[in-house]
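[1] got a structure for you, letters missing:
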């Protein structure tokens, strides 16, 4: 089958071509004992899992990014790291992932292999196992090249309780580095802006960084990765759930010059750009220093910063003190950000 | 960012605000009300909210957000025409992003796209021309909107299309012109304005001369202003200084971009391609004479309005909408009957709630709800 250079509907037919595709592309890339028996389900030893915590965390996410490959990552790396992060921000140690691929007929096999290889590499680096999977091939036009869904299972250790509702006035808001890189990189990579930028996606697994962070700041109130909708959206979710106000300081917000310039030209607000390796954490003030130090010790948190605090103001309201000295409200977006005409 | 951050300097801002305060205090005793300064341009409105400039200004001065957001003043009927064009199977309809959310009588362009129309967001009319070369079997329509700022790029694209003999490209021309609009605002009987921040980007094209009537006939100061926050503060200070010294002139704060005589190649292209319409229908403001342009007969082949049959219906603004009074500065956005209740960014009734440059959307996003509550309590 390696002679075939693109995926065809025959690869989704349930017969030999499909088995070959799965074996050739996915199983060989993901090679691990949980997947090897090729049963319809992965099976885990309960006792081994229970030994690592007292709560099971379970999450799922679909990845439909366009383009499939972009500076700093690709759909495969994104699908692994994104689901790992969704587990990790709940305080879970990520253990197992599933991988379901919906493939548009005509997709080059070499490209599919690259994506599977990238997933395998990301999983190996993160120490998680891709334990089960599925492939479907759909007719041309029924999906856009390749969609990937990953679900993840992780374990939360006893005594850990993080929640968006736990922020209290006086708490400090932390982020682990430059904001908006992923969103800007994807917009630029689509190529219809005629803007060339050196910006790369920040796509990264954050579970080790989060483990270090939780050790340094055991009183951590809430954590979330700032993906779609960016930091602004996460802060609004925290403020609403906690019935508190949050004030951030524009001058303290880590933004690359390139991302600032990119947003200025297009009339976009970097606070709403997606990230794929950035978290927002709310910690009690007395643990903020230790938390920040822990973040900065890790390569993924080198540029970490305290960007604001939880305040007594109007519940659910997020405001920003602008670097210029003014103040403005940072609201939820209604839809996607649309570039302005002038 | 070099050459940008210098215009966002906080210490300089504080010094300017102190100066503004000093000028305001000098004449405070003889004034019966706050000074009203209108920023004509939506880009200014956006900067004012983004940097929180309103809250930094001393008492005794109010900024009135004028009609210079081209997306906001699009009438419902035009949006319906856009949707009708976009829904033609042979058409790829191209538009600037922020026009996609403006409600028509049935749907927005975003909804039309979801229903199967081929609507594409572009950043320049030249992007639309690229599509025309790439898809010779389709008809590419570019939605030409905006003031003199975007008029030249549409004109130059038509000239390029003609030179390359591209037959499947046309423009749905709804460009508008700012001068008659400022005049309409000044002629409005309920107008209470003391001075203007002039539109920087428009002036970059047309120069300073077209605004002379504001000073000469209406005796109001106008300062052509840049878009960085210090530009805006300095321009406000310049208007106040004129008022303080009893002058009314056209001054140019944005001289680093705006030449006194404008941009002559751009003006040539504009004169070549467009002619004035008898009148143009504005959302909120109604019909204003000579405030819009259309393509000249010679370029009819590139005119989507001539090439395709359009519904061309004139549809009245919703009755509860007070967009016109907000645009003229008669009421503040939060004083509108439907602000934040029947009219929100999720379900905008009036266009001022649609675009991020619209005064109502800006107030709603950046603090209007609070202002409204304070207003109600007062």
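    Sure thing, it's come through. Note that this is a predicted model, so its numbers are computed, not measured. Residues are numbered from 1 along each chain as shown, chains lettered A, B, ... in the order given.
[2] For chain A, which residues are neighbours of chain B?
    Taking CB under 8 Å from any CB of the partner chain as the contact definition, chain A meets chain B at A:192-194, A:257, A:260-261, A:264, A:266-267, A:269, A:314, A:321-329, A:331, A:334-335, A:338-342. Where C-beta positions appear, they are placed from N, C-alpha and C, glycine not excepted.
[3] From residue B:14, how far out is the closest residue to chain A within the stretch 151-300 of chain B?
    Scanning the stretch 151-300 of chain B for the residue nearest chain A gives residue B:229, at 4.8 Å (criterion: CB to the nearest CB). Distance, residue B:229 to residue B:14, by CB to CB, to the nearest Å: 12 Å.
[4] cool, and residue A:166?
    Between residue A:166 and residue B:14 the distance is 38 Å, computed by CB to CB.
[5] again, but for residue A:27
    Separation of residue A:27 from residue B:14 (CB to CB): 65 Å.
[6] what do you get for residue B:228?
    Taken as CB to CB, the span from residue B:228 to residue B:14 is 16 Å.
[7] More neighbours: those two, which one.
    Using other CB atoms under 10 Å in any protein chain shown, the more surrounded residue of residue B:228 and residue B:14 is residue B:228, with 22 against 14.
[8] Please verify my assumption that that one contacts residue B:47.
    Yes: counting by CB atoms under 8 Å, residue B:47 is a contact partner of residue B:228 at 7.2 Å.
[9] what about the strands in the stretch 101-250 of chain A?
    With strands called from DSSP state E, counting those that start in this stretch, the stretch 101-250 of chain A shows them at A:129-138, A:146-156, A:172-175, A:222-225, A:245-249.
[10] For residue A:6, find the nearest of these.
    For those, the distance to residue A:6 is smallest for strand A:129-138, at 10.5 Å, taking CB to CB.
[11] Show the average pLDDT along the closest one.
    The average of the pLDDT scores along strand A:129-138 is 95.
[12] what do you get for stretch B:9-28?
    The model assigns stretch B:9-28 a mean pLDDT of 92.
[13] wait, does that stretch contact chain A?
    Yes: applying CB under 8 Å from any CB, one finds that stretch B:9-28 is in contact with chain A at B:10, B:13-14.
[14] Next, residue B:32: phi, psi?
    For residue B:32, the backbone dihedrals (degrees, to the nearest 10) come out as phi -90, psi -20.
[15] That one and chain A: what is the separation?
    Taking CB to the nearest CB, to the nearest Å as the measure, residue B:32 falls 28 Å from chain A.
[16] Quickly note the distance from that residue to residue B:60.
    According to CB to CB, residue B:32 and residue B:60 sit 11 Å apart.
[17] neighbour count winner among those two?
    Remark: of residue B:32 and residue B:60, residue B:60 carries more neighbours, 17 against 4, as counted by other CB under 10 Å.
[18] Per-residue pLDDT of the more buried one, please?
    At residue B:60, the model reports a pLDDT of 91.
[19] Of all residues in chain A, which one is closest to chain B?
    Nearest residue of chain A to chain B, counting by CB to the nearest CB: residue A:326, 2.2 Å away.
[20] nearest spatial neighbour of residue A:309, skipping sequence neighbours?
    Nearest in space to residue A:309, with sequence neighbours left out and distances taken as CB to CB, 6 or more residues apart in numbering or on different chains, is residue A:172 at 5.5 Å.
[21] these two touch, right, that neighbour and residue A:306?
    Yes: between residue A:172 and residue A:306 there is a contact under CB under 8 Å: 5.3 Å.
[22] Specify which residue of the two has the higher count of neighbours.
    Using other CB under 10 Å, the more surrounded residue of residue A:172 and residue A:306 is residue A:172, with 22 against 19.
[23] From residue A:329, how far off is the more buried one?
    Using CB to CB, we find residue A:172 at a distance of 21 Å from residue A:329.
[24] and if you look at residue B:75?
    Applying CB to CB, the value for residue B:75 to residue A:329 is 30 Å.
[25] overlap in contacts of residue A:172 and residue A:306?
    Residues touching both residue A:172 and residue A:306 by CB atoms under 8 Å, 6 or more residues apart in numbering or on different chains: residue A:288.
[26] Next, count neighbours for residue A:322.
    Neighbours around residue A:322, by other CB under 10 Å: 22.
[27] Give me the phi and psi angles of it.
    Residue torsions, per degrees, to the nearest 10, at residue A:322 are phi -80, psi 150.
[28] Phi, psi for residue A:305 please.
    phi -150, psi 150.
[29] Contacts only, for it.
    With contact taken as CB under 8 Å, 6+ apart, residue A:305 is in contact with A:174-175, A:177, A:252-254, A:292.
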